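[1] predicted structure and sequence below. I'll ask about it afterward.
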Amino acid sequence: MKFRNLVVAAAATAFLALTSFAQITAMEGDVKGEDGKPLQGAMIKIVRTDIKGSYQVKTDKKGHYFYNGLPIGVYNVTVEVNGKVMDGVNSVRTRLGDPTEVPFDLQKGAAARAAQNAAMQQAAASGAGLTKEQERGMTKEQKDSMEKALKEREASMKKNKELNDAFNAGMTAMQGKQYDAAVTSLSKASEIDPKQVAVWAQLADAYVGLAGTKTGPEFDATMAKGLDAYAKAIELNPNDGATHNNYALALAKAKKFDEMKTELNKAAQLDPAKAGQYYYNLGALMVNSGQNDAAIDAFKKAIEADPKHADSYYQLGVGLVSKATLGADGKMTPVPGTVEAFQKYLELAPNGQFAEGAKGMLATFSSTIDTSYKNPNAPQQKKKK
């Protein structure tokens, strides 16, 4: 009796063992790389999703992998290369009998990902979002990334609108010489996006314009803000000659002549095509500050940089006139280069703004100046009959 029970128990145990063994399955597949060739050493990760379970295996030299001993279930299968997920298949259900085949072709996968990414970028750029068909092939991570991109685009568009509105309002105020309003709007624009060179340059101009309406300490304080804005614009784009030139003009108004010279020299070095104009500006500012010799040097540099810069010849001639000598006979003797400067101006700009002045100067050199003194109050001698 006892023996019979043991036999029954043994039979039951054998049945359970056979049942358990029958639930074990396998998975295999070939993996091709992005070059279309078999990929050796790729990591295949097999993660069970219906209950907890994780398995992995590497491909052999033929790009093949095989994993035996998987319980029947549902799995997500991915292929990794150097720790980076290159492709994957979700919801793979294993079955009894032959191994479940899950192959990977990374060449096709790369093309599909490129198309997917292009669609995502286009959707993000347009703000239209993806179609249902496009969403169907996306992973959760891709959907999250897409949603993030759309939110970022929306925020960027809002920021750009605010920036453009503030900048345009500032420029409109500048055109009307409403410098207070311009400073307010352009300051707001600089806070929205501190990396915009044009905003800082225009804000600097607004402060300089506003300073022109003030005197004393208020002038100094407002001009200092304008110079700071110029310095910020140059910090963001140090290679723009025009900004260095405008900064120099503002420095001249603040009577910072040494710094002004430095900035105009930088402008000329950075933008050789406009160096003649920049050196001309330097010469004009030197004239205005009473530094005639420095002005002459600047005008010579302007001519050297641009031999066709007519106004530089005229201003050079004017500067050299101050060095002319007056002889006992009342005739003015100009220093070398004076006459040539006026003649060159007339050659380049015969109808220019300084044409009459140049002609007058040349006429002066060919005539005698009366140096004798006559008392206008002295009685006039009568003529003899």
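    In hand now; what should we look at? Being a predicted model, the structure only gives us computed values, none of them experimental.

[2] which non-adjacent residue is nearest residue 88?
    residue 78 (3.8 Å; CB to CB, 6 or more residues apart in numbering). Where you see a C-beta, it was placed from the backbone N, CA and C, and this is true even at glycine.

[3] pull the CA atoms of the strand or helix carrying the one you found into PDB?
    According to DSSP states H and E, residue 78 maps onto strand 74-81. This file holds the C-alpha atoms of strand 74-81, laid out as PDB (Å, rounded to 0.1, in the frame of the first residue of the first chain):
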ATOM      1  CA  VAL A  74       6.500  38.800 -23.300                       C
ATOM      2  CA  TYR A  75       9.900  40.600 -23.800                       C
ATOM      3  CA  ASN A  76      11.400  43.800 -25.000                       C
ATOM      4  CA  VAL A  77      14.600  43.100 -26.900                       C
ATOM      5  CA  THR A  78      17.300  45.700 -27.600                       C
ATOM      6  CA  VAL A  79      20.700  45.700 -29.300                       C
ATOM      7  CA  GLU A  80      23.500  47.800 -27.800                       C
ATOM      8  CA  VAL A  81      26.800  48.800 -29.300                       C
END
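
[4] helices or strands up against the following helix or strand past that strand?
    Proceeding N to C from strand 74-81, the next assigned helix or strand is strand 84-93, under DSSP H and E. Where contact means 3 or more CB pairs under 8 Å, 6 or more residues apart in numbering; DSSP states H and E, strand 84-93 is packed against strand 74-81, strand 104-105, helix 106-126.

[5] what's the offset of the shortest one from the middle of its chain?
    For strand 104-105, the separation from the chain centroid amounts to 42 Å (computed by CA atoms, centre = their mean, to the nearest Å).

[6] that one - what's its average pLDDT?
    Throughout strand 104-105, pLDDT has a mean value of 92.

[7] so what's the residue nearest to residue 88 up against?
    44, 45, 47, 85, 87, 88, 89 (CB atoms under 8 Å, 6 or more residues apart in numbering).

[8] let me know the angle separating the helix or strand harbouring the second one from strand 74-81.
    Yep, that's residue 45 we're talking about. Residue 45 belongs to strand 43-48 when assigned by DSSP H and E. Put simply, strand 43-48 runs at 160 degrees to strand 74-81, going by axes from the mean of the first three to the mean of the last three CA atoms, to 10 degrees.

[9] what's the angle between strand 43-48 and strand 84-93?
    40 degrees.

[10] so which other helices or strands are in contact with strand 43-48?
    Packing contacts for strand 43-48, counted by 3+ CB pairs under 8 Å, 6+ apart, involve strand 24-32, strand 53-58, strand 64-71, strand 74-81.

[11] tell me where the model's unsure across the stretch 51-200 of the chain.
    By pLDDT under 70, the low-scoring segments of the stretch 51-200 of the chain are 111-140, 142-143, 146, 150.

[12] 80 instead?
    109-157 (pLDDT under 80).

[13] walk me through the domains of this structure.
    2-107, 159-365 (automatic domain parsing).

[14] so which of the ones you listed gets nearest residue 144?
    domain 2-107 (15.0 Å; CB to CB).

[15] can you give me the helices for the stretch 151-300 of the chain?
    With DSSP state H, counting those that start in this stretch as the criterion, the stretch 151-300 of the chain has helices at 179-192, 197-211, 216-236, 241-253, 257-270, 275-288, 292-305.

[16] picking that back up, list buried members of the contacts of residue 78 by neighbour count.
    44, 45, 47, 87, 88 (16 or more other CB atoms under 10 Å).

[17] is the first one in a bridge, and if so with what?
    Which is residue 44. Counting by DSSP bridges, residue 44 forms beta bridges with residue 57, residue 79.

[18] for it, give me the pLDDT.
    96.

[19] for it, what are its contacts?
    Per CB under 8 Å, 6+ apart, neighbours of residue 44: 29, 31, 56, 57, 58, 59, 65, 67, 77, 78, 79, 80.

[20] quick revisit: chain center to the strand holding residue 45: distance?
    With CA atoms, centre = their mean, you get 45 Å for strand 43-48.

[21] what's the angle between that strand and strand 53-58?
    Using the same axes, to 10 degrees: strand 43-48 against strand 53-58 is 160 degrees.

[22] quick one on the thing from earlier: need the helices and strands packed on strand 43-48 in CSV with distance to residue 301, can you?
    Supplementary listing: the helices and strands packed on strand 43-48 in CSV, determined by distance: least, CB to CB, whole Å:
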stretch, distance to residue 301
strand 24-32, 68
strand 53-58, 72
strand 64-71, 75
strand 74-81, 62
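
[23] nearest to residue 108, out of these?
    That would be strand 24-32 among the helices and strands packed on strand 43-48, by CB to CB, at 8.4 Å.

[24] outside of that closest one, which residues touch it?
    So strand 24-32 is contacted by 38-39, 42, 44, 46, 59, 62-72, 75, 77, 79, 92, 94-96, 99-107 (CB under 8 Å, 6+ apart).
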